[in-house]
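1. Model the following, please.
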Amino acid sequence: MPVIQRLIVDQYGAFIGKHSGRLRVTKDREKLAEAPLLHLEQVLVIGQGIGLSADAIRACCTAGIPIYFVDSRGRPYAALYAAGLTGTVLTRREQLLAYADRRGLELAVAFARGKVTNQAGFLRYVAKYRQETDPDLYQELRWCADEVRDHLEELRRLKGDTVDEVRGQILSIEGRAAKKYWSALKQVIPEQYGWPGRRGRDAQDPVNAALNYGYGILYGQIERALVLAGLDPYGGFIHADRPGKPSLVFDLVEEFRQVVVDRTVVGMANKGMKLKLDEKGLLVEKSRKVIAEKVLARLEAAERYERKRQPLRVIIQSQARHIATFVRGDRAAYEPFVAKW
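-> As a prediction, the model looks like this:
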């Protein structure tokens, strides 16, 4: 019997309890799953109508196992982890001070640079698999990748002393690069999915719904990494402060959308995997579970990072720590994660 490292619970009416060093998932007195706490790395609760015992919560917190709560559209609304795993107060103080000086500006530009570089890299990655089968599309995707990458020069030329002075320019550069990126990807999504191009919240097509759902799962991973690094998830640099919006999560996630979620969902679409929506435009339970499993598996995939191969989940945590050491003055510069496509 395989060891469960990531427990996904998505059935309405399910209940998660603790039994002799294990988490047990039941529904109507029937056992659905059981996972030893010794091997468990995370719990993902998807949808509504799912119960969780206080004993299970305490056991997970004691073992350092995060519990993420995600709605049916993939939007995270809560995360549970041990209260003592939040780093030092000094880091948060310096994070808030950094917003008003060049540290904040440098972080904002770095996040944008990572996003644009990985968008261009993913387009080249998609292109190389079409070099023999569709040479024209191969050339088109390569050309689009170069156009996206050209925006890096605009980021390099930005001048200012604080992020407030250049935020509008950064968002403009990001937006223009993203428009080219998604326009290029539209050419590789099979017509059967009826993909209209990138749509955000409340999308009514299966590919956008899958992307949004995958991003929601990734947000939870990013938030936990930031908290463990001692950072405030709500104190961002590119994304403006808004009540209830974890703006630093939205900043750091930009480096990882392409390598974790876009690659996963585009790969699923190109393999013809069924992604179904219900009458409300939500992914059906089976599709949600498949996407969650594949995104979580992708987070365990190894990428080249700091001279060795490491799981993406570990890389995310390392990048969060790099932000913390940078704002504290223990690191000279913050470099975004760039995948080796």
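2. Only the buried residues of the helix or strand of the chain with the lowest mean pLDDT, if you could.
-> Least confident element among the helices and strands of the chain, by mean pLDDT, DSSP states H and E: strand 76-80 (a mean of 84). Neighbour-count burial for strand 76-80, counted by 16 or more other Cβ atoms under 10 Å, picks out 76, 79-80. The way it works is simple: take the backbone N, C-alpha and C, and place the C-beta from them, glycine included.
3. Within the sheet, what are the partner strands of that strand, with directions?
-> Its sheet considered, strand 76-80 pairs with strand 67-70 (antiparallel) by DSSP bridges.
4. Where does the record place the domain boundaries for this protein?
-> When the chain is parsed with automatic domain parsing, its domains come out as 6-65, 89-328.
5. end-to-end on the first one?
-> Spelled out, it's domain 6-65. 10 Å (Cα to Cα, to the nearest Å).
6. A strand includes Ala33, no?
-> Yes. The assignment for Ala33 (DSSP: H, G, I helix; E, B strand; the rest coil) places it in a strand.
7. Without its sequence neighbours, what residue ends up closest to it?
-> In space, and not counting its chain neighbours, Ala33 is closest to Val25: 4.4 Å by Cβ to Cβ, 6 or more residues apart in numbering.
8. That neighbour pairs with what?
-> Applying DSSP bridges, one finds that Val25 bridges with Ile16, Ala33.
9. Can you say which of the domains of the chain is packed in most?
-> By mean neighbour count, with neighbours taken as mean count of other Cβ atoms under 10 Å, domain 89-328 ranks first of these at a mean of 18.
10. Chain neighbours aside, what residue packs nearest to Leu123?
-> Excluding the flanking residues, the one nearest Leu123 by Cβ to Cβ, 6+ apart is Ala145, at 3.8 Å.
11. ranges for the strands of this structure?
-> Counting by DSSP state E, the segments of the chain that form strands are 6-9, 15-19, 22-27, 30-36, 42-46, 51-52, 67-70, 76-80, 302-305, 308-311.
12. So which of the ones you listed is nearest Val249?
-> Nearest of the strands of the chain to Val249, taken as Cβ to Cβ: strand 76-80 at 8.8 Å.
13. Centre of the chain to stretch 318-330, how far?
-> For stretch 318-330, the separation from the chain centroid amounts to 19 Å (computed by Cα atoms, centre = their mean, to the nearest Å).
14. doesn't Ala100 make contact with Cys161?
-> No, residue 161 isn't Cys; it's Asp. No. When contacts are counted by Cβ atoms under 8 Å, Asp161 is not listed as touching Ala100 (9.3 Å).
15. Looking at the buried residues of strand 76-80, spot the one nearest Leu141.
-> Nearest to Leu141 among those: Pro76, at 31.9 Å, using Cβ to Cβ.
16. what residues are up against that closest one?
-> Listed by Cβ atoms under 8 Å, 6 or more residues apart in numbering, the contact partners of Pro76 are 68-70, 216-217, 219-220, 223.
17. In JSON lines, list these along with distance to Gly104 and pLDDT.
-> Shown next, in JSON lines, are the contacts of Pro76 (distance: Cβ to Cβ, whole Å; pLDDT from 0 to 100):
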{"residue": "Tyr68", "distance to Gly104": "28", "pLDDT": "88"}
{"residue": "Phe69", "distance to Gly104": "30", "pLDDT": "90"}
{"residue": "Val70", "distance to Gly104": "30", "pLDDT": "85"}
{"residue": "Gly216", "distance to Gly104": "27", "pLDDT": "90"}
{"residue": "Ile217", "distance to Gly104": "28", "pLDDT": "91"}
{"residue": "Tyr219", "distance to Gly104": "21", "pLDDT": "92"}
{"residue": "Gly220", "distance to Gly104": "25", "pLDDT": "87"}
{"residue": "Glu223", "distance to Gly104": "20", "pLDDT": "90"}
